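Undergrad: sequence plus the predicted model coming up.
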Amino acid sequence: MELSQANVYVKKMFSCEWVKWIHPGSAPAETSAAKRGNVDNALLNSRHCASCLNMNGCCFEKGNCPENPLHEHCHCHYEDIGTITVRATSVIEKYTKYIFENEKNKGKKALFEAWGFSSLDSDFLKKEIERQAQIAFQCGDYILGKRNEYGQRISIVIHLKRKDTGEEIAFVTGWMSYPDGRIELNTPYGGKNERA
């Protein structure tokens, strides 16, 4: 991330206003297992929408949040919360066993290796992608992605320097929103950055 971009982020970080999605009467889903449980429960009990349940407690920048209400008779609402502390998390297997494994990576291994990275760089990639995603999300610099019964996905652009040439590369990463400012990595490479 260049210095000029870092300066823009510092300004944005202190000017963002945040809202929290509230589904009254339910506990936030803090884990992927809890999200799956909400999906299963919603199938059995049609009174509650799994998507609404799984967005409960999730935070969004006020100018970049999912549409509310989600559906007819939706009783969810937003609560103004001012600021948040973002936590971006990922598991090392997203790098060691997804990017750098031949069978599951859909060409990602060849792409990262063409940039000069190998499985030995997994820890670096994990930490750097988490760091940049945390800063970008804290500044409201994300794109709302697909929303389904598991909640709201977001996309965040990551900038790295190629290890072979030093040239900057930018690509999209995919994340799932969790309560209280936590985002969890779904995919470390979701395609080239198409934003100008």
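TA: On my side now, so go ahead. All of these numbers come straight from a predicted model, not from anything done at the bench.

Undergrad: so where's this protein shaky on pLDDT?
TA: Applying pLDDT under 70 to the chain picks out residues 1-14, 46, 103-105, 195-196.

Undergrad: show me the domain layout of it.
TA: 3-82, 87-187 (automatic domain parsing).

Undergrad: which stretch among those is buried most, on average?
TA: Of all the domains of the chain, domain 87-187 has the most neighbours on average by mean count of other CB atoms under 10 Å, namely a mean of 17. In this view, the C-beta of every residue, glycine as well, is placed from N, C-alpha and C.

Undergrad: can I get the domains of the chain in JSON lines with distance to Asn193?
TA: JSON lines is the format used below for the domains of the chain (distance: least, CB to CB, whole Å):
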{"stretch": "domain 3-82", "distance to Asn193": "13"}
{"stretch": "domain 87-187", "distance to Asn193": "4"}
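
Undergrad: minimum distance to Glu194: which of those domains has it?
TA: domain 87-187 (7.9 Å; CB to CB).

Undergrad: quick one: the helices in this structure?
TA: For the chain, the helices defined by DSSP state H occupy 3-13, 32-44, 50-55, 93-94, 108-114, 122-138.

Undergrad: would you turn those into CSV with distance to Ser177?
TA: Shown next, in CSV, are the helices of the chain (distance: least, CB to CB, whole Å):
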stretch, distance to Ser177
helix 3-13, 18
helix 32-44, 10
helix 50-55, 7
helix 93-94, 17
helix 108-114, 23
helix 122-138, 9
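
Undergrad: out of these, nearest to Lys192?
TA: That would be, of these and by CB to CB, helix 108-114, which comes in at 9.7 Å.

Undergrad: center of this protein, which residue is that?
TA: Trp175 (2.5 Å; CA atoms, centre = their mean).

Undergrad: hang on, that one packs against Glu184?
TA: Yes: counting by CB atoms under 8 Å, Glu184 is a contact partner of Trp175 at 6.4 Å.

Undergrad: could you tell me which residues touch both of the two?
TA: Residues touching both Trp175 and Glu184 (CB atoms under 8 Å, 6 or more residues apart in numbering): Ala88.

Undergrad: show me what contacts Tyr78?
TA: 19-22, 65, 68 are the contacts of Tyr78 under CB under 8 Å, 6+ apart.

Undergrad: I'd like those residues laid out as TSV, including distance to Ala29.
TA: Below are the contacts of Tyr78 laid out as TSV (distance: CB to CB, whole Å):
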residue	distance to Ala29
Val19	18
Lys20	14
Trp21	11
Ile22	13
Cys65	18
Asn68	18
